[in-house]
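*Asks:* Give the three-dimensional model of this entry:
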Amino acid sequence: MKKIAILLPCFNENSGIEILTNHLVSELEKLPFLFELIYIDDGSLDDTKTRIESLKINSPSINAVLLALNFNVGHQKAIQQGLLFVETKKFDNVIIMDADGEDDPGAIQEILKHTDKDLVQVIRGKRNENWRFKFFYRLYQNLFKVVIGKRLNFGNFCMLSPKLVTTATENSFVHLAAFLDNQKCFKTKVTWDRSHRISGESKMGFKNLFYHAVNSFVENAQSLLFIFIKLCMFLILGIIILTGFILYKKYVTNVAVPGWSSTLMATLFNSLLISIGVFVLGSLQLNILNKQTASRKVIYFTDKQITTNW
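*Replies:* The predicted model follows:
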C-alpha cells in the first residue's frame, strides 16, 4: 500500500486545527493509502502546538507527526522544512496543503488519481474572499501573465513525487507554486473550489498579497532579465531609426532637424543605460542566488510523533 505524507504548515491555527484534522481523517479513511499528517508549527504565538500534541487520531491508516520550528520562518520556509523532513522518509508522494481549511481535504481523492505524475497542481476554482482581494489578485495574475508569459492560477496545494521533493530541497525557493511550475517534469492539474477559512481572519491581506506577488516574480528572475534584454534591443533599434531620420533630414533633404528629436534621442539613450544597468545588476543578483542554492541544508525544527497507527 502506498504511503502518502501530507504537510500542513500552521501559524496561530489553534481554533481550527482540530476541525481540520477531523475533516481530513473522515476523507482519508475512504482511500486505500497509508497517510502521515505532518503538522509544521511555524512558531505560533497561541497554543497551536499544544493542541496538535493533544490530537487523538484512531484511524489505522493515519499517523501524525509534529514538527515544531524553533522560531517563525514564514510560510514558504516552513514548507521547505517539512520537505527536508520527508526527504529522508520512504513516502511515495507528498501532498502540501494549508492548515486553515481553505484547501479542501475533499480534493485529495482527486489528487491521488495521479500518483504517476511528478507534480499535481490544484487550480483554484471559486474563491471566497471579498471583492477587493479578488480584484487585486486578478490584477496580479494578469500582470504575471503579461510579464512572464503564463498564468499562475494555483497555490501551495499540490502533490509531489519523491524526485520533485529532492529538487525542492536541493534548491532554495521563495514562492513554491512559481518554483514548481518552472520545473521540467511530468505534471497535471486538477480544479477545485476553495473552501471557507475554518476560523479567524485570512492572513493573505493586501500587504501579504504584495509580498506574494513579488516573490513569484523573483522565482522567474531569468524571465524578467530576458524582458530587459528585449527592451534594450527595442531601444537600440529606436536609436538607430531616430539617428537615420536625423541624418536624412539634415544631409539629404536639407531640412532643419526638429527640436524634439534631440530630446527623444537623449530619452532613448538614458533609458538604454538604465535598462543595461538593471540587466547587469539582475544578472549579478541571479548569480548570487544560484550560488546560495548550493548552501548547506539547515534544520530548524524538532520532531515529535503524535500518533502511530501503522
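
*Asks:* contacts, neighbours, all on C-alpha from now
*Replies:* OK.

*Asks:* The closest residue to residue 238 other than its chain neighbours: what's it in contact with?
*Replies:* Distance criterion C-alpha to C-alpha, 6 or more residues apart in numbering; nearest residue to residue 238, sequence neighbours excluded, is residue 268 at 7.4 Å. When contacts are counted by C-alpha atoms under 8 Å, 6 or more residues apart in numbering, residue 268 touches 235, 238-239.

*Asks:* Any of those residues buried? List them.
*Replies:* Neighbour-count burial within those applies to 235, 238-239; the criterion is 16 or more other C-alpha atoms under 10 Å.

*Asks:* got the phi/psi numbers for residue 215?
*Replies:* Backbone dihedrals for residue 215, given as degrees, to the nearest 10, come out at phi -60, psi -30.

*Asks:* surely it meets residue 176?
*Replies:* No: between residue 215 and residue 176 there is no contact under C-alpha atoms under 8 Å: 9.4 Å.

*Asks:* Report the outermost residue of the chain with respect to its centre.
*Replies:* For the chain, the C-alpha farthest from the mean C-alpha position belongs to residue 254; by C-alpha atoms, centre = their mean, that distance is 59.4 Å.

*Asks:* Residue 243 versus that one, what's the distance?
*Replies:* In this structure, residue 254 and residue 243 are 15 Å apart, going by C-alpha to C-alpha, to the nearest Å.

*Asks:* before we move on, the earlier item: look at residue 215 and residue 176 and report which has more neighbours.
*Replies:* Using other C-alpha atoms under 10 Å, the more surrounded residue of residue 215 and residue 176 is residue 176, with 23 against 18.

*Asks:* Now residue 187. Nearest residue, chain neighbours left out?
*Replies:* residue 119 (4.6 Å).

*Asks:* Give me the neighbour count for the one you found.
*Replies:* Residue 119: 29 neighbours (other C-alpha under 10 Å).

*Asks:* Quick check: bridge partners of it?
*Replies:* Taking DSSP bridges, one obtains residue 160, residue 187 as the residues bridged to residue 119.

*Asks:* what's it in contact with, if anything?
*Replies:* For residue 119, the set of contacting residues under the criterion of C-alpha under 8 Å, 6+ apart consists of 158-161, 164, 180, 185-188.

*Asks:* Okay, domains of the chain per the record?
*Replies:* Under the assignment automatic domain parsing, the domains of the chain span 3-220+297-307, 222-292.

*Asks:* Could I get the pLDDT score of the residue nearest to residue 187?
*Replies:* Turning to residue 119, the model gives it a pLDDT of 97.

*Asks:* So it versus residue 31, what's the distance?
*Replies:* According to C-alpha to C-alpha, residue 119 and residue 31 sit 20 Å apart.

*Asks:* Could I get the CA-only coordinates of the one helix or strand residue 68 maps to as PDB?
*Replies:* If you go by DSSP states H and E, residue 68 is part of strand 62-69. Included here for strand 62-69 are C-alpha records, laid out as PDB according to Å, rounded to 0.1, in the frame of the first residue of the first chain:
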ATOM      1  CA  ILE A  62      -3.200   7.600   9.600                       C
ATOM      2  CA  ASN A  63      -0.200   8.600  11.600                       C
ATOM      3  CA  ALA A  64       0.600  12.100  12.900                       C
ATOM      4  CA  VAL A  65       3.800  14.000  13.500                       C
ATOM      5  CA  LEU A  66       4.600  17.500  14.800                       C
ATOM      6  CA  LEU A  67       7.500  19.500  13.500                       C
ATOM      7  CA  ALA A  68       7.900  22.400  15.900                       C
ATOM      8  CA  LEU A  69      10.100  25.100  14.300                       C
END
